[in-house]
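>>> Turn this into a structure:
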Amino acid sequence: MQTHGDPRVKKRLPCTLEHADNRRSGLILNLSRSGIFVQTILPAEPGMLVNVDFCNPSHDRPIGLQAAVVWRRRVSTLMTGINQSGMGMRIQWPPSEYDALLAEILPQPPAADQPRGDAPAPGLLRYVVRLTQSGGPRSRLVTVHSESEQRACEQARAELSEGWTILEISES
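Now for the predicted structure:
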């Protein structure tokens with residue numbers, strides 16, 4: 001399980017934390033595949049295992065996690081209006097319900113068989129079309145994916161609306 005570099009998502013999820021005989025409420029403020037940050041006053045120290053229970057808000061399904069406290073932030077009562085006490089926790093064995101929640105809220109990378117970024121779909125070529133504004137000083141470069149130069153010119157004109165003239169086109 002990766003602990004650095006996992007994308008974190010801000011999400012406010014009420015939770016219940018339990019360690020030994022101590023049970024407190026908390027609020028998950030952000031989460032990732034490997035960890036969570038929980039705003040709480042539960043007196044748990046780094047290295048301790050804590051049970052965290054919360055619900056997936058879109059399905060009302062309970063999720064129970066066991067997480068190890070990695071670091072703790074304590075804030076004096078005078079500063080609670082500015083910052084909150086809480087702890088960063090590493091998830092030990094994420095259940096399938098947690099994976100399902102992450103699949104809903106984390107940005108998904110493109111599948112390996114899908115074109116990435118500006119790559120054309122199979123069977124299409126990538127064209128760069130240079131256009132100039134009719135009667136004006138502006139020019140534009142438009143990148144399109146098409147099966148032919150003629151179709152690429154049509155697509156570029158359609159993208160910029162009327163009033164643009166094609167200067168050149170190149171396959172890239």
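
>>> Give me the residues contacting stretch 143-152.
Identification of contacts with stretch 143-152 by C-beta atoms under 8 Å, 6 or more residues apart in numbering yields 118, 120-121, 123-129, 155-156, 159, 169, 171-172. Backbone N, C-alpha and C define where each C-beta goes, glycine included.

>>> 10 Å instead, please
Applying C-beta atoms under 10 Å, 6 or more residues apart in numbering, the external contacts of stretch 143-152 come out as 115, 118-121, 123-129, 142, 153-156, 158-159, 166, 169-172.

>>> what's the spacing between the residue located most distally from the centre of the chain and residue 162?
What lies farthest from the middle of the chain is residue 135; by C-alpha atoms, centre = their mean that is 44.2 Å. Going from residue 135 to residue 162 by C-beta to C-beta, to the nearest Å gives 12 Å.

>>> Now do the lengthiest strand in the chain: distance to the chain's middle.
Across the chain, the longest stretch assigned as strand under DSSP state E is strand 61-73. Distance of strand 61-73 from the chain centroid (C-alpha atoms, centre = their mean, to the nearest Å) equals 20 Å.

>>> Same question for the very next helix or strand once past that strand: list its buried residues.
On the C-terminal side of strand 61-73, the closest following helix or strand by DSSP states H and E is strand 86-91. By neighbour count on 16 or more other C-beta atoms under 10 Å, the buried set for strand 86-91 is 86, 87, 88, 89, 91.

>>> Let me have the residues you listed in TSV, extended by distance to residue 23 and pLDDT.
Output for these, formatted as TSV (distance: C-beta to C-beta, whole Å; pLDDT from 0 to 100):
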residue	distance to residue 23	pLDDT
86	16	88
87	15	91
88	20	91
89	16	93
91	19	93
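
>>> hang on, residue 97 in a strand?
No: applying DSSP: H, G, I helix; E, B strand; the rest coil, one finds residue 97 to be helix, outside a strand.

>>> Residue 156 belongs to a helix, doesn't it?
Yes: assessed with three-state DSSP, residue 156 lies in a helix.

>>> Assess the claim that it and residue 132 are in contact.
No: judged on C-beta atoms under 10 Å, residue 156 makes no contact with residue 132 at a distance of 11.8 Å.

>>> any residues in contact with both of those two?
140, 164, 166.

>>> Mind checking which of those residues are buried?
residue 164.

>>> possible to save the shared contacts of residue 156 and residue 132 as TSV with secondary structure?
Shown next, in TSV, are these (three-state DSSP):
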residue	secondary structure
140	strand
164	strand
166	strand
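
>>> can I get the shared contacts of residue 156 and residue 132 in CSV with distance to residue 96 and pLDDT?
Shown next, in CSV, are the shared contacts of residue 156 and residue 132 (distance: C-beta to C-beta, whole Å; pLDDT from 0 to 100):
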residue, distance to residue 96, pLDDT
140, 49, 77
164, 53, 81
166, 54, 84
